[in-house]
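Engineer: model this:
(one chain, ligands or ions: 2)
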Amino acid sequence: MRTDTGQIVQLADYRPTDFVLERVDLTFELDPQNTKVEARLIFHRREGADKAAPLILDGDELTLSSLLLDQIEMPTAQYDVTPERLTIRDLPEEIPFEICVTNYINPESNTQLMGLYRTNGVYCTQCEAEGFRRITYFPDRPDVLAPYTITIIAAKEGNPLLLSNGNFLGGGNYDEGRHFAAWFDPHPKPSYLFALVAGDLGVVEDSFTTMSGREVALKIYVEHDKEPRAAYAMDALKRSMKWDEERFGREYDLDIFMIVAVSDFNMGAMENKGLNVFNDKYVLADPETATDADYANIERIIAHEYFHNWTGNRITCRDWFQLCLKEGLTVYRDQEFSSDMRSRAVKRIADVRHLKSEQFPEDGGPLAHPPRPDKYREINNFYTTTVYEKGAEITGMIATILGEDGFRKGTDLYFERHDGDAATVEDFVKCFEDATGRDLTQFFRWYIQAGTPLVSASTAYDPASATFTLSLEQTVAPTPGQSRKEPLHIPLSTALILDNGQIATPIKVEGGEFKDGVLHLTERSQRFTFTGISSRPVLSINRSFSAPINLHMEQSSDDLIQIARHETDLFSRWQALTALALPNLIAATQAVRSGNEVSVDPAFISTLIEIAGNDEFEPAFRAQALTLPSEADVAREMGKDNDPNAIHKARNAVMRAVAKAGVETFKGLFSSFEEKDDYSPDAASAGRRSLRNIAMSYLSYAEETPERAAKAFANASNMTDMAYSLSVLTQRFPDSAEASDALATFETRFADNALVMDKWFTLQAAIPGDGALARITSLMASKHFIATNPNRVRSLIGTFAFGNPTGFNRADGKAYDFLAEQIIAIDKRNPQLAARILTSMRSWRSLEAVRADHAREALTTIERSAGLSTDVRDIVERMLKG
Ligand code: B3K
Ligand code: ZN
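Structural biologist: Residues are numbered from 1 along each chain as shown. Ligands and ions are numbered 1, 2, ... in the order given. All right, here's what the predicted structure looks like:
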């Protein structure tokens, strides 16, 4: 493991390399413990570069075996080598030269899952961001692009498949017992997109004809006998390819596109050129073992990685500070894809829920950073929800500001101008300016300022002059290292809704730009006046969540109810319901803390129940409407002095109040949406299941017995219903015989299916209350627990820390101590996994004092621990400091 050097990388220090890499030719002789890597690299000195500059190659835990210059062994005096760096001097000034580096690596002992490693007997690689330097000495940075030729030599036994990027060149016998395969990728790429897979896997094959009529072979590799479970992924892939042609004019560019599913993977998936590697969780699905959410995730992630072929691979990043150039844009593209495949409004609601529950806390806590940061200590810690999801929101705001046509003109120009480049965020934004003439200088601040803006709104209506006035003010709280914030360009989709439900068309709007229903807030405070408004309108602002902001506005519950019942934008209806729910949940929390009775606004309850029972709405929307803000949402809204137990009790009390009032509606939904046909994963069917299941949740509060959920569990004909009913049993009746019986049945039935056993762990890790810690410890001792498998560790320890607010935030702080111990232990084998799980404590300062003190102590224990990775040290220090 690389130990921390404390070194900080700064954007301002960027400069191009002194040497240009022309070609890469790699030969691997695979062996589980002793793989030989031979890298032939052709370089020439960049024009204008210092003639004396040495060639510096990155390494990570490498041992050099031999080094040749133009095929002649290099004298040791000409280079310096450490495990982290190879420095070569006295290289030709003008002419190209070839360096040949040979070294040996041990894939089997690679527990970090970065570089070349083994998973279930399969060789596989993960190189983003800096894993390639764990394979060979190399200029391992994204602005060094070259075509690659790869030769893989391996024992025939156990490795019938030898895969790499690009097109297959040929292969055959190599020597006694070994064979080889050669691949060539003509598209210049950075090393982080390199991939190699070798082993024995099953395959699902299909093909796709591109818009210019080229035939592309599609292959998805999975463990033997799991082939039928890859059918949905294949379907999602073909739909993604088609959609990218139609929506963005992007065509695939190799003869073959491959996906390999592996069971040990640090993240969701990786967009290696022509050879995506996936966590098998995001490939494998069938009705018996995958939920509707699993299907939706597979569709989304297959699309995301495929879309990277243009946004990430053909156009890559100049340096890692530009990560959101590829990630923000690609998330935007996958969100658009899912919206087109499913219900746009429901997708938007889900995305905004996710943004608020993950990104907003990050942006409001010690780990806050701009979407385009300007320094980092460990780049792996910047694959964050800010870079990804806020990055996508920024892209979406560009689309809102420019309109559909302007946005498409901008992306067309971007693809044309920067194909083959390692680009910057500035390059990207410039394309939209050049394509449309719109000045985005102020808008650019979104990329370089951290923090969620708070927009405060107040309104006035004057019937005499038929004028509506809207005063807006924007502020952003200071974030680590950034105290002064400049005003942002915030596009707010806005409607004034009249009594009859119509949207008012003002005669004139003064005070700023208002075009196509979008109000452009650009000053710190700005007053807009709308004239020609015949009656007092209800203001619906930030429709579709056009900007990722917090909104503060005194709006009467009558007005919110009017929006919830009559807005034409379904998203805004949900937003109004949330705005109605939160004060009730906060008041309930305060009541619980002061020992008072919880009371819930009856108008809110009846609005909710009316929407639940209204057949004019799609079921998926109704299910979203019925899903109250989570306990974490309430904690975030309250902001400080949080007591997770009080929030939990309060939310349950509000659920009970809604449940009791709506019991007949919920019973009706539960019985009328019973699954009758064969399972289909489409969005409409999934929506019906989600409405029925949330009705079951409410009924568990109205009826207070586990019977209904136990019966639903027994009768479930698919994993969605099975897992949901099991979650009602475990969340609501954890000590019941029904819950333990169902868990035992589930365990026996799915013991051999790792992905389903992950659910078994997740469900138990989320059981609330002080008993959780003991449960987690005993589950860690279970024969099913596998400490080396990231999915399993995330299911148990990750769910406990991220998804069990009462269990994790015990008042005695014991669960924080447990997490500290786990983080220190996980860090020794897999620093990325450890650092990621540790971010679960990012909101520790908003806890009430006793818990916050315990949390600080646990974080300090980690900080004082010797031999921490850079990954964990970076996170823990920022969390304690910020
Ligand atoms: N680009 C990868 C993430 C790599 C993470 C490296 N620590 C997956 C994706 O965003 O598509
Ligand atoms: Zn991505």
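Engineer: Could you export whatever helix or strand Asp853 lives in as PDB, CA atoms only?
Structural biologist: Element membership for Asp853 (DSSP states H and E) is helix 849-864. Output in PDB follows, covering the C-alpha atoms of helix 849-864 (Å, rounded to 0.1, in the frame of the first residue of the first chain):
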ATOM      1  CA  ALA A 849     -23.500  17.400  21.700                       C
ATOM      2  CA  VAL A 850     -23.100  14.000  23.400                       C
ATOM      3  CA  ARG A 851     -23.100  12.000  20.200                       C
ATOM      4  CA  ALA A 852     -20.900  14.600  18.400                       C
ATOM      5  CA  ASP A 853     -18.300  14.200  21.200                       C
ATOM      6  CA  HIS A 854     -18.300  10.500  20.800                       C
ATOM      7  CA  ALA A 855     -18.000  10.800  17.000                       C
ATOM      8  CA  ARG A 856     -15.100  13.200  17.300                       C
ATOM      9  CA  GLU A 857     -13.300  10.700  19.600                       C
ATOM     10  CA  ALA A 858     -13.800   7.800  17.200                       C
ATOM     11  CA  LEU A 859     -12.500  10.000  14.300                       C
ATOM     12  CA  THR A 860      -9.500  11.000  16.400                       C
ATOM     13  CA  THR A 861      -8.800   7.300  17.100                       C
ATOM     14  CA  ILE A 862      -8.600   6.700  13.300                       C
ATOM     15  CA  GLU A 863      -6.500   9.800  12.800                       C
ATOM     16  CA  ARG A 864      -4.000   8.600  15.400                       C
END
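Engineer: Which strands or helices does it pack on?
Structural biologist: helix 814-829, helix 870-881 (3 or more C-beta pairs under 8 Å, 6 or more residues apart in numbering; DSSP states H and E). Backbone N, C-alpha and C define where each C-beta goes, glycine included.
Engineer: mind checking how far that helix is from the chain centre?
Structural biologist: 28 Å (C-alpha atoms, centre = their mean, to the nearest Å).
Engineer: same check, this time on stretch 608-617
Structural biologist: So, by C-alpha atoms, centre = their mean, the centroid of stretch 608-617 is 31 Å from its chain's centroid.
Engineer: Please list all residues in contact with Gly328.
Structural biologist: For Gly328, the contact set (C-beta atoms under 8 Å, 6 or more residues apart in numbering) comprises 371, 387-388, 390-395.
Engineer: Mind checking what secondary structure the closest residue to ligand 1 within the chain has?
Structural biologist: In the chain, the residue that lies nearest ligand 1 is Glu128 (4.1 Å; C-beta to the nearest ligand atom). The local conformation at Glu128, judged by DSSP: H, G, I helix; E, B strand; the rest coil, is coil.
Engineer: got the phi/psi numbers for it?
Structural biologist: Dihedral pair for Glu128: phi -70, psi 130, per degrees, to the nearest 10.
Engineer: how far away is the nearest residue to it once chain neighbours are set aside from Asp319?
Structural biologist: Leaving aside its chain neighbours, Glu128 sits nearest to Tyr192 (4.1 Å; criterion: C-beta to C-beta, 6 or more residues apart in numbering). Applying C-beta to C-beta, to the nearest Å, the value for Tyr192 to Asp319 is 12 Å.
Engineer: got it, and Phe666?
Structural biologist: In this view, Phe666 and Asp319 are 54 Å apart by C-beta to C-beta.
Engineer: go on, Ile135?
Structural biologist: Ile135 is 21 Å from Asp319, by C-beta to C-beta.
Engineer: Pretty sure Met270 is one of the things the residue of the chain closest to ligand 1 touches, is it not?
Structural biologist: Yes. Using C-beta atoms under 8 Å, Glu128 is in contact with Met270, at 6.2 Å.
Engineer: tell me the secondary structure for Tyr104?
Structural biologist: Criterion first, three-state DSSP; result for Tyr104: strand.
Engineer: Write down the beta-bridge partners of it, one by one.
Structural biologist: Lys36 (DSSP bridges).
Engineer: who's in contact with it?
Structural biologist: Going by C-beta under 8 Å, 6+ apart, Tyr104 touches 34-37, 63, 65.
Engineer: Next one: it, what pLDDT does it get?
Structural biologist: Per-residue pLDDT puts Tyr104 at 98.
Engineer: Quick check: Ser725 is in a helix.
Structural biologist: Yes. The assignment for Ser725 is a helix, going by three-state DSSP.
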